[in-house]
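Give me the fold of what follows.
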Amino acid sequence: MTISHLLSPLTPPCNPLPLPSPPRRPVAARSKNGDSADAPDRLISAVCYFYPFFDGVQYGKYVINQFAPLQVLVQPLVPAIRVFKGFPLNGFLVFLTLYFVVVRNPNFSRYVRFNTMQAIVLDVLLIFPDLLERSFNPRDGLGLDLVMSLDSTVFLFLLVCLIYGSSCCLLGQIPRLPIVAEAAERQVL
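Got it, this is the predicted structure:
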């Protein structure tokens with residue numbers, strides 16, 4: 001008789017307890033060998049925040065026309081916005097590129113992947129105001145006032161996220177955008 005034959009009928013089936021998932025590493029602005037993020041990591045992270053802004057700049061059509069300082073702020077970006085909006089699939093292609101080439105690539109630092117994922121989540125959230133605007137397309141009255149307020153709020157939120165996210169990245173800090181930071185944290189491995 002072999003030992004395995006003797007043990008198999010006598011040992012009860014083993015039901016191991018599920019192991020807890022390993023804790024997520026917090027995002028830190030560190031390079032592989034230093035205390036702060038490298039300059040290329042900072043630049044790549046800062047540039048990623050232009051993606052949701054370029055994709056949602058149409059929400060600023062009311063507020064930009066009313067306030068000249070916003071026109072001055074957005075005017076230098078107009079050529080890049082025209083290139084981005086010039087081909088209908090550019091937004092989708094940029095999304096795929098950022099997600100599969102940057103976020104899912106372990107060769108990029110966690111800092112870059114986290115900031116890129118925040119920009120992607122912010123862009124995905126633009127689906128909701130777009131759906132609302134397409135569902136309720138008022139021509140005048142209170143409905144138009146509500147749409148104008150919604151569009152202006154979305155645009156100003158995108159502008160603040162662009163300025164805050166990019167400036168924090170350029171300074172080597174970690175921007176944690178409201179609504180999107182936790183979702184981005186879960187997606188970055």
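
rest of the way, CA atoms for contacts and neighbours
Noted.

Mind checking the pLDDT average for the top helix by length along the chain?
Identified as the longest helix of the chain according to DSSP state H is helix 142-170. Mean pLDDT, helix 142-170: 93.

With stretch 97-111 instead?
pLDDT averaged over stretch 97-111 gives 94.

Tell me which residues of that stretch come out buried.
Buried residues in stretch 97-111, counted by 16 or more other Cα atoms under 10 Å: 98, 99, 102, 103, 109, 110, 111.

now swap in stretch 173-187 and tell me
173, 174, 175, 176, 177, 180, 181, 184, 185.

I'd assumed residue 168 was in contact with the second one.
Yes. Residue 174 sits in contact with residue 168 when judged by Cα atoms under 8 Å, with a separation of 6.2 Å.

tell me what the longest helix of the chain is packed against?
helix 39-48, helix 50-56, helix 61-66, helix 127-135 (3 or more Cα pairs under 8 Å, 6 or more residues apart in numbering; DSSP states H and E).

Output the contacting helices and strands for the helix or strand just after that helix.
Per DSSP states H and E, the first helix or strand lying C-terminal to helix 142-170 is helix 181-187. Judged by 3+ Cα pairs under 8 Å, 6+ apart, the packing partners of helix 181-187 are helix 110-124.

ok and the helix it packs on relative to helix 142-170, angle-wise?
170 degrees (axes from the mean of the first three to the mean of the last three Cα atoms, to 10 degrees).

For helix 110-124, which outside residues touch it?
27-30, 37, 41-42, 44-46, 48-49, 51-52, 55-56, 95, 98-99, 102-104, 174-175, 177, 180-181, 183-185, 187-188 (Cα atoms under 8 Å, 6 or more residues apart in numbering).

And stretch 134-154, by the same measure?
Contacts of stretch 134-154 (Cα under 8 Å, 6+ apart): 59, 60, 61, 62, 63, 129, 133.

6 Å instead?
59, 60, 63 (Cα atoms under 6 Å, 6 or more residues apart in numbering).

show me what contacts residue 64?
Neighbour list for residue 64: 70, 71 [criterion: Cα under 6 Å, 6+ apart].

go on, residue 180?
Counting by Cα under 6 Å, 6+ apart, residue 180 makes contact with residue 118.

Leaving out chain neighbours, which residue sits closest to residue 91?
Leaving aside its chain neighbours, residue 91 sits nearest to residue 55 (6.6 Å; criterion: Cα to Cα, 6 or more residues apart in numbering).
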